[in-house]
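Asker: Need a 3D model of the sequence below.
(chains A, B, C and D)
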Number of protein chains: 2
Amino acid sequence: MVKSLANEFSYKDKKVITIGIVKELTGLSERQIRYYEERKLIFPERTSGGSRRYSFADVEQLVEIANKIEDGVQTYEIRQEMIREKKRNDEAAHKKMIQGQLNARFGVRKY
Amino acid sequence: MVKSLANEFSYKDKKVITIGIVKELTGLSERQIRYYEERKLIFPERTSGGSRRYSFADVEQLVEIANKIEDGVQTYEIRQEMIREKKRNDEAAHKKMIQGQLNARFGVRKY
DNA sequence: AAACAATGTTAGGTTTCCTTACATAAATGT
DNA sequence: ACATTTATGTAAGGAAACCTAACATTGTTT
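Answerer: Numbering: from 1, shown residues only, chains lettered A, B, ... in the order given. As a prediction, the model looks like this:
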């Protein structure tokens, strides 16, 4: 229970989808998709030639963004939320790592 | 236990990957990828404009094909194997369906 | 009123993809 | 042995998909 992590990563996070497909999957216009990137809400990779490549996780993220915007939330707000959320995640991950190191040094007992 | 099927389908089988990315992921040439399609070993979808779109499952399939070909197996052979395998699967699925209908009519008891 | 946000549209240019055809070495069939 | 098939490369010409930059528009903040 730990090794499965590398596998989870595989499909959902691999950046393999073109903007045209993202457009189909989300119903957003290319303009919107690129604009949300400009506002730092989404971070596609690029091919050597400069074309954007998205992951399924990105697609889901885009749908969430679109919903918030429909609810009148501005991209700036959404960005702040994302930053706060990331911080929380990083802290949780950090805590877990420290815990792991302690376990490695002093062993664990599960009752 | 059954409804999860729709989800499993999501990432692995969705046809969203262009041939250029497939080439990167597999290390095969575009020529090879198209040839294996010509030999009916792989079945990408097409966009309205005619561009091929592959799934992650297709990518894995392509890697398997490439390995067999490296081992000297011909595309014709591989195709026969695939047909045999498909038949086995269909039969298993059919059997399961019949079983399900029987269960629906006469009920099931799990001891 | 001025500035900003969100989106559409247009233009010109690159990248990526498509099919068809010809070429070839190696394997297979007869 | 000779003909055919397999597997792959490569080239040409064209179409689809993508890119950036710029200008326009309609609301919303400030």
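Asker: make it CA atoms for all contacts and neighbour counts henceforth
Answerer: Noted.
Asker: Chain A against chain B: which residues are in contact?
Answerer: Proximity of chain A to chain B (CA under 8 Å from any CA of the partner chain) is limited to residues A:11-12, A:16-18, A:21, A:56.
Asker: try it again with 10 Å
Answerer: Contact residues (CA under 10 Å from any CA of the partner chain) of chain A with chain B: A:10-12, A:15-18, A:20-22, A:25, A:47, A:53, A:55-56.
Asker: check contacts around A:E38.
Answerer: Residues in contact with A:E38, defined by CA atoms under 10 Å, 6 or more residues apart in numbering or on different chains, are A:Q32.
Asker: oh, I was asking about A:K95
Answerer: Neighbouring residues of A:K95 by CA under 10 Å, 6+ apart: A:N89.
Asker: Wasn't it part of a helix?
Answerer: Yes - assessed with DSSP: H, G, I helix; E, B strand; the rest coil, A:K95 lies in a helix.
Asker: distance of it from A:R105?
Answerer: Using CA to CA, to the nearest Å, A:K95 is found at 16 Å from A:R105.
Asker: before we move on, what about A:K40?
Answerer: 40 Å.
Asker: Could you check which of those two has the larger neighbour count?
Answerer: Remark: of A:K40 and A:R105, A:K40 carries more neighbours, 14 against 8, as counted by other CA atoms under 10 Å in any protein chain shown.
Asker: Which secondary structure state does the more buried one sit in?
Answerer: coil.
Asker: and it, what are its phi and psi?
Answerer: Here is the backbone geometry of A:K40 (degrees, to the nearest 10): phi 60, psi 40.
Asker: do A:V16 as well
Answerer: Torsion angles, degrees, to the nearest 10, at A:V16: phi -140, psi 0.
Asker: Help me confirm that it comes into contact with A:A57.
Answerer: No - using CA atoms under 10 Å as the test, A:V16 is too far from A:A57 to be in contact (11.0 Å).
Asker: These two: which has the busier surroundings?
Answerer: Neighbours per residue (other CA under 10 Å) separate A:V16 from A:A57, with A:V16 holding more: 25 against 13.
Asker: tell me the contacts of A:K15?
Answerer: Counting by CA under 10 Å, 6+ apart, A:K15 makes contact with A:43-46, A:52-58, B:17, B:21.
Asker: I'd like to know how many residues surround A:N67.
Answerer: A:N67, neighbours per other CA under 10 Å, totals 12.
Asker: Give the buried residues for the helix or strand containing it.
Answerer: If you go by DSSP states H and E, A:N67 is part of helix A:56-70. Neighbour-count burial for helix A:56-70 flags A:56, A:58-59, A:62, A:65-66 (criterion: 16 or more other CA atoms under 10 Å in any protein chain shown).
Asker: Can that helix be said to contact DNA strand D?
Answerer: No - Helix A:56-70 does not reach DNA strand D (CA under 7 Å from any atom of the strand); its nearest approach is 10.8 Å.
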